[in-house]
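S.K.: Sequence first, then the predicted structure:
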Amino acid sequence: MNCDFCYNNEATIHLIKIQGASVERINICKECAKDFSFFSEEDFYNDLARILYKFFNISTNDHHTGRDKKILRSISYGRNRKCPFCGIDLKTIKKIGRVGCSSCYSEFKDVLFPIIKSIQGSLENKGKIPVNTSRKIKLEKNIRDLRHRLKNEVIIENFEEAARIRDKIKKLEKNRYDR
Amino acid sequence: MTGKNFYLLENKTSKNKSESNKNKIILNTRVRLARNLTDYKFTSICDSQEKNILLKKIKRYVEEIKELKDFRFYSVKSLGKIQRDLLFKDYLITPGMANRMQGKGLFVKYGQDRGESSAIMINEEDHLRIQSVRPGLNISEAYEEVIEIEKYFEKKLSFAFDRNLGYLTASPINLGTALRVSVIAHLPVLAVSTRIADFVKKLNQVGCLINGYFMGNSEVIGNLFKISNLVTLGKGEEDIVEEMKAICLNIIDDEEYARKKLKESDLLGIKDNIYRSFGLLKYAKILSYEESLELLSIIRLGLDLDIIRGVNDFDYFELINKISDSHIILDLEISSSVTDDELDSIRADLIRKKILKGTD
């Protein structure tokens, strides 16, 4: 099996990253691994451009899955697309490994979300939300947290608590639609 | 040990400062939050004028907040090269920030303990980065501090946020909580053991990034490793904090186990190694920074294992932060035209004074 990075040498190191339900395999040769093992934090972040490049490239090499095809299409159509707010284009994002403004994430959603998913393993924020966020988002976040708790309670067969949470969710959802 | 036991351990260390010195495997904790303002371009593509406007705005806010009056402001571009190097070593600025300094600012507060600091970084990779550093293992305390500082900003500034992606950051690596917890671990025995590969694999599996803290050509110097959470999206802040705590506890266990095994299997070999390092530190006239780190790491191990006599107990992390070229030049007010050999000789003397018994 050839190395995922240089494509030349025989890969001798096989990394398997398991995150949630997704399993990702990376095959590296000894030479490329030198660059990767124990690199400093700065290198890692600067290397994001390279990681992004890798994901972009894999999507052009791999035609098997529908998802990858989708990424490929969006890149070839939108190669020179620009973000209307900050003016950055995809090529620059790819080069610097950073987006130009908060609107870039929605503007280039089709390209960025699969990449974010592969880096973070999730596209669902479970962290805190700003105090001045709209009530609607807060409500949604509440419901999401409760659903998460509900699932956990069901797993440990604590059905009494689960039922209580379920009723709470129902109430909150009714609120959401009434609004 | 369970997370609960670990929590007790941490509470104890925060109440009693001398306790935190007992933990000589996790030497330092850093917690960092990243935030960007809505309606502004990210720093990556701002020109210096835009950065200066933002810097002024944020600076004014900080100065208005009375709880933050202990923070001192530095404009990065007005600092000298050595001061910038020190800030870089303290992780208060990134190398990118040290080079492209226009419109970048920094608020810092140093705590009473050496190695304790809080900082607000402006116009780094993100508009705002809030960081708290604590000696030893103190993730909760550092986390609570950054969240408290963030609250002051949250009242007045509107942060870029998306309900799916969380806090929006310039790099997709920080999305979600934009919370990075990192610790510095001293792992002299694990680093040379055959189990290091498994150890690194295990950390990667639980979503951790491990790097050498000081790097030579390709190897780690001084057996210091920096371990941080890789994933910031899809987990809550508390989850990240609790997970990192549990992981640190595991790291301590792994290193302690490796030390115990080594002591059982090759006591003479390790004694030889420690006393050889001691001999070098005691008599060498010229010590480079790298060599000092390597030797001090082994001496520290000798103290931890209760093998060596004639050496003062010392804080490894604190000491290595006193003996870098920049620290020596700044602390001793030496002209920066000093030669490398002169610096190495001053360093050798400094270390001897600090660790040899009866030389103080």
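M.R.: Looks like it came in fine. A quick note: this is a predicted structure, and the numbers were derived from the prediction, not measured.
S.K.: Counting neighbours, what do you get for the residue of the stretch 101-250 of chain B found nearest chain A?
M.R.: Of all residues in the stretch 101-250 of chain B, B:Gly234 sits closest to chain A, at 2.6 Å by C-beta to the nearest C-beta. Glycine gets a C-beta too; all of them are placed from N, C-alpha and C. Neighbour count of B:Gly234, defined by other C-beta atoms under 10 Å in any protein chain shown: 22.
S.K.: okay, how far is it across stretch B:157-170, tip to tip?
M.R.: 18 Å (C-alpha to C-alpha, to the nearest Å).
S.K.: Off-centre distance for it?
M.R.: 26 Å (C-alpha atoms, centre = their mean, to the nearest Å).
S.K.: Surely the residue of the stretch 101-250 of chain B closest to chain A and A:Lys117 touch.
M.R.: No. Using C-beta atoms under 8 Å as the test, B:Gly234 is too far from A:Lys117 to be in contact (9.6 Å).
S.K.: Which neighbours do these two have in common?
M.R.: Residues touching both B:Gly234 and A:Lys117 (C-beta atoms under 8 Å, 6 or more residues apart in numbering or on different chains): A:Leu123.
S.K.: secondary structure class for the closest residue to the residue of the stretch 101-250 of chain B closest to chain A other than its chain neighbours?
M.R.: Spatial nearest neighbour of B:Gly234, excluding adjacent residues (C-beta to C-beta, 6 or more residues apart in numbering or on different chains): A:Ser122 at 2.6 Å. Three-state call for A:Ser122 (DSSP: H, G, I helix; E, B strand; the rest coil): coil.
S.K.: now swap in A:Asp4 and tell me
M.R.: Per three-state DSSP, A:Asp4 ends up coil.
S.K.: what's the helix or strand for B:Arg32?
M.R.: strand B:26-35 (DSSP states H and E).
S.K.: That strand: partners in the sheet, and parallel or antiparallel?
M.R.: strand B:128-135 (antiparallel), strand B:179-186 (antiparallel) (DSSP bridges).
S.K.: what does the helix or strand following the first one rub up against?
M.R.: So that's strand B:128-135. With elements assigned by DSSP H and E, the helix or strand that comes after strand B:128-135 is helix B:139-156. Contacts of helix B:139-156 with the rest of the structure, by C-beta under 8 Å, 6+ apart, involve A:130-132, B:10, B:14, B:29-33, B:35, B:61, B:65, B:67-68, B:118, B:120, B:128, B:130-134, B:159, B:179, B:181, B:183, B:237, B:241, B:244-245, B:248.
S.K.: could you check the distance from the residue nearest to B:Gly234 over to B:Ile210?
M.R.: 22 Å (C-beta to C-beta, to the nearest Å).
S.K.: B:Lys202 too?
M.R.: 10 Å.
S.K.: Could you do B:Val62 as well?
M.R.: For B:Val62, the distance to B:Ile210 - C-beta to C-beta - is 34 Å.
S.K.: what about B:Lys202 and B:Ile210, which has more around it?
M.R.: B:Ile210 (21 against 16).
S.K.: does stretch B:62-71 come close to chain A?
M.R.: No. Stretch B:62-71 does not reach chain A (C-beta under 8 Å from any C-beta of the partner chain); its nearest approach is 15.5 Å.
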